[in-house]
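Colleague: quick one, fold the following:
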Amino acid sequence: MNPLLSIWSQPKNTVQYMIDNKRISYLVFLAILASLATGILAFADSGLFEGFSLPVILVIVTILSIIISIASWGFGSLVYTWIGKWLGGTGTIKNMSYAVAAGLIPTIWTMPIGFIAVILYGKSLFSQPVGDFAITNMSTGFYLIQNLLIFGVSIYGLVVLSKGIGLVHNFSAWRGFGAVMIFLGISILIAIVVLLPLLFILFL
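Modeller: Residues are numbered from 1 along each chain as shown. Below you'll find the predicted structure:
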């Protein structure tokens, strides 16, 4: 079984296969691939790299994306193990790391989108959009298509993650989905608590 392919038709079986047959190093490899798939578009239109050449920007983006992806994978494994136990689960952090990594696999298939964006737009891809209402330096068509594709793949990644959490914790995929929503809710709450004081300081 090749997890990169079987994840599309047998998500639950793929997670179990990975737990039974793959080493942690394979999960790190998946996290790195996912970072390469998402990193370019994550930093697109940011304006963070003004004055740098395109090769330097790509190196910086790659390094930052790999660090963020591996950290997120590890943190997600810890949090979903913890939340799952609240919900009556029995999983371990080690097994959860496989479920979280499996949830990244669909994203890996979006990698060509970022590469195409670099070929089409070059250094301007990372520049801050010019204009009061401008949101991107990409063409409207490309921007909409890539967002639709990424949104669809992300939804399926959520399905895979929910099934994986359910498998690891020995409960249903719906309860696995509940664990994801609880994590999302906690993250939003923390963001509000942190950002509200900053907004008051900026606008008062």
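Colleague: ok, for residue 93, nearest residue in space, not its chain neighbours?
Modeller: Excluding the flanking residues, the one nearest residue 93 by C-beta to C-beta, 6 or more residues apart in numbering is residue 81, at 4.7 Å. Heads up, the C-betas are built off the backbone N, CA and C, glycines and all.
Colleague: and that neighbour, how close does it get to residue 26?
Modeller: Going from residue 81 to residue 26 by C-beta to C-beta, to the nearest Å gives 19 Å.
Colleague: same check, this time on residue 116
Modeller: Taking C-beta to C-beta, one finds residue 116 at 27 Å from residue 26.
Colleague: what of residue 67?
Modeller: 19 Å.
Colleague: does anything pack onto the lengthiest helix in the chain? Which helices or strands?
Modeller: Ordering each helix of the chain by length in residues (DSSP state H) puts helix 54-86 first. Contacts defined by 3 or more C-beta pairs under 8 Å, 6 or more residues apart in numbering; DSSP states H and E place helix 54-86 against helix 24-42, helix 93-108, helix 140-169, helix 173-203.
Colleague: need the phi and psi values for residue 52.
Modeller: Per-residue torsions, residue 52: phi -100, psi 150 (degrees, to the nearest 10).
Colleague: isn't it right up against residue 58?
Modeller: No: the pair residue 52 / residue 58 is not scored as a contact, 9.5 Å apart, by C-beta atoms under 8 Å.
Colleague: tell me which of those two has more neighbours.
Modeller: For residue 52 versus residue 58, neighbours defined as other C-beta atoms under 10 Å are more numerous around residue 58 (18 against 14).
Colleague: now for that one: which residues touch it?
Modeller: Residues counted as contacts of residue 58 (C-beta atoms under 8 Å, 6 or more residues apart in numbering) are 40, 118.
Colleague: gap between it and residue 116?
Modeller: From residue 58 across to residue 116, the span is 14 Å (C-beta to C-beta).
Colleague: thinking again about what came up before, can you tell me which of the helices and strands packed on helix 54-86 is most buried?
Modeller: helix 93-108 (a mean of 24; mean count of other C-beta atoms under 10 Å).
Colleague: next helix or strand past it?
Modeller: Per DSSP states H and E, the first helix or strand lying C-terminal to helix 93-108 is helix 111-121.
Colleague: pull out the buried residues from that following helix.
Modeller: For helix 111-121, a neighbour-count test (16 or more other C-beta atoms under 10 Å) marks 111, 113, 114, 117, 118, 121 as buried.
Colleague: try stretch 47-57
Modeller: Neighbour counts over stretch 47-57 (16+ other C-beta under 10 Å) mark 49, 57 as buried.
Colleague: what of stretch 85-94?
Modeller: Neighbour counts using 16+ other C-beta under 10 Å place 89, 91 of stretch 85-94 among the buried residues.
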